[in-house]
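> Model the following, please.
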Amino acid sequence: MMIKNELEYQVSQEWLEKFEKSIAAIEKDEDNKKNDYERWKMNRETLQCHLEKLQAEIAEYDRLTSHDSHTPIVLTLDDIDDLPQILIRARMAAKLSQKELADLAGLTEEQIKRYEDNDYEDASFLDVRFIIDALDIQIQKAEFIVPLDTLRRTPVTKEELLSSNQRWQSDKVRKKSDVLSQ
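Got it, this is the predicted structure:
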């Protein structure tokens with residue numbers, strides 16, 4: 001997840017405060033800590049993980065929205081599935097509203113809103129290109145590795161693709177949790 005607008009930012013700030021209060025309350029609960037330390041510790045660590053994730057999202061939103069719009073910003077793409085977040089982050093760093101981006105890309109505000117709400121799942125390749133051009137995104141170097149020796153020779157079914165996407169989403173959430181817990 002990422003914070004995409006001011007409303008989400010405000011809600012995230014409120015949740016941050018709630019997590020901080022919950023952690024403080026757990027810290028004071030000496031009975032639970034003494035009687036069931038493992039459960040107490042697990043609850044404490046879970047809250048801390050959520051708190052840190054939220055802090056990172058808030059920090060990223062602050063970094064993007066406070067960035068000098070006259071200075072280029074470098075956004076890295078580790079996986080092609082992260083492209084939607086790059087487009088959203090670029091719009092935010094450029095301090096463009098969804099309507100302004102729509103006007104620049106020759107699209108409607110409703111399209112941009114829908115694309116961002118759905119992480120560009122329903123955007124055509126051509127619309128993504130219009131958005132990349134409107135944001136003047138420059139790709140410096142990209143490498144695509146095609147492992148020819150393991151290339152699949154049978155069609156991918158819709159079920160496999162959906163299952164793969166669900167596994168990918170779960171792996172991504174787990175990796176983020178692992179990073180945050182370190």
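> rest of the way, CA atoms for contacts and neighbours
OK.
> give me the low-pLDDT residue ranges for the chain?
Applying pLDDT under 70 to the chain flags residues 165-182.
> Kindly report the domain assignment for it.
6-66, 68-164 (automatic domain parsing).
> list the helices and strands the longest helix seen in the chain packs on?
In the chain, taking DSSP state H as the definition, the longest helix is helix 37-66. Applying 3 or more C-alpha pairs under 8 Å, 6 or more residues apart in numbering; DSSP states H and E, we find helix 37-66 packed against helix 6-28, helix 30-35, helix 83-93, helix 158-181.
> what would the ones you listed look like in a markdown table with distance to Ala105 and mean neighbour count?
Formatted as a markdown table, the helices and strands packed on helix 37-66 follow (distance: least, C-alpha to C-alpha, whole Å; neighbours: other C-alpha atoms under 10 Å):
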| stretch | distance to Ala105 | mean neighbour count |
| --- | --- | --- |
| helix 6-28 | 22 | 14 |
| helix 30-35 | 56 | 12 |
| helix 83-93 | 12 | 20 |
| helix 158-181 | 28 | 12 |
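> so which of these gets nearest Glu52?
Glu52 lies closest to helix 158-181 among the helices and strands packed on helix 37-66, at 6.5 Å (C-alpha to C-alpha).
> so which helix or strand takes in the nearest residue to Gly106 once chain neighbours are set aside?
Among residues not flanking Gly106 along the chain, Phe130 sits closest, at 7.5 Å (C-alpha to C-alpha, 6 or more residues apart in numbering). Secondary structure from DSSP states H and E places Phe130 in helix 125-134.
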